[in-house]
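>>> Task: produce atomic coordinates for the following.
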Amino acid sequence: MLQWVIEVQREIYLTFADRIGAFASGGSWAALGAFLPMGIVFGAVHAMTPGHSKSVLATYLAGSSTGMARSLMVSLALSFTHVSMAVLIVLLSLPLVSIALGSVGRAPLLEDLSRGLLGVIGLWMLWRALRRANHVHGAREGAAVGFMAGLIPCPLTTFVMTFAVARGVPEAGIAFAVAMMAGVAATLSLVAVTAVFFRQQVTRLLETRPRLIAAFTRTVEAVAGFVLVAVALREVLIR
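Numbers count the residues shown, from 1 in each chain. Okay, the predicted model is just below:
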């Protein structure tokens, strides 16, 4: 399955590279735009591969009291930040690329910042659960988690943007990035909705036992907080 996903990504990427090259040689927006829907497919398939903070997203939402609508907001914030960071890194300046990128398509400084901030959120969730206090997770906290998790730039968007900028058509790369962002958001939204649906179903099964629900909620939040802290430490210290 993973190999198939990788092959699909490769085919779409190579085809889009050809379209960018044709656009740079005097092609029309109509020809480029006709292929942009494949960018959405590309983004959705790409988000299925390991990474993209899917586990972080699912862990946070499973341990929070966030509803369906706000969970979608978290996934959208993550998707937007994940793709737009890659666009900004390429567009801002080459010095920024040389400082931020330690290897092709990666940004170690941003990765450390992202994981460190998520670790802080994890500690906050863990402390809150151990206080035995029920807490409603606000929209700002969810958006912050999405932003922090998305700070790691999308490597494939970085490749496409670099390819487009090198050929003097950054607008073509941005158009592709927007299409890809929609695909990434679709996959991450599915992850978010699934995590919230699972939590809600378990809560409904226990709704006749309020004390058990309270204990379950605190336990899940504590586990979620611990996992976020563990992920942050692993990524920052072992990388």
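>>> Show me which helix runs longest in this protein.
helix 170-205 (DSSP state H).
>>> taking the mean pLDDT, what do you get for it?
Mean pLDDT, helix 170-205: 88.
>>> Same check on stretch 22-29?
Mean pLDDT, computed over stretch 22-29, is 85.
>>> cool, and stretch 228-239?
65.
>>> Also stretch 144-162?
80.
>>> Next, the distance between the ends of it.
The straight-line separation of the ends of stretch 144-162 (C-alpha to C-alpha, to the nearest Å) is 28 Å.
>>> Assign S84 to helix, strand or coil.
At S84 the chain is in helix, as set by DSSP: H, G, I helix; E, B strand; the rest coil.
>>> any idea how far L36 is from it?
Shown here: S84 relative to L36, a distance of 17 Å by C-beta to C-beta, to the nearest Å. C-beta coordinates here come from the backbone N, C-alpha and C atoms, glycine included.
>>> contacting residues around S71?
Going by C-beta atoms under 8 Å, 6 or more residues apart in numbering, S71 touches 61, 142, 192-193, 195-196.
>>> Would you format those residues as a markdown table with distance to V90 included?
Output for the contacts of S71, formatted as a markdown table (distance: C-beta to C-beta, whole Å):
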| residue | distance to V90 |
| --- | --- |
| L61 | 31 |
| G142 | 28 |
| A192 | 28 |
| V193 | 31 |
| A195 | 32 |
| V196 | 34 |
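>>> Could you single out the nearest of those to L32?
A192 (31.0 Å; C-beta to C-beta).
>>> The closest one against L76, yeah?
No - in this structure A192 lies outside contact range of L76 using C-beta atoms under 8 Å: 9.0 Å.
>>> and these two? which has more neighbours close in?
Higher neighbour count among A192 and L76: A192, with 28 against 19, using other C-beta atoms under 10 Å.
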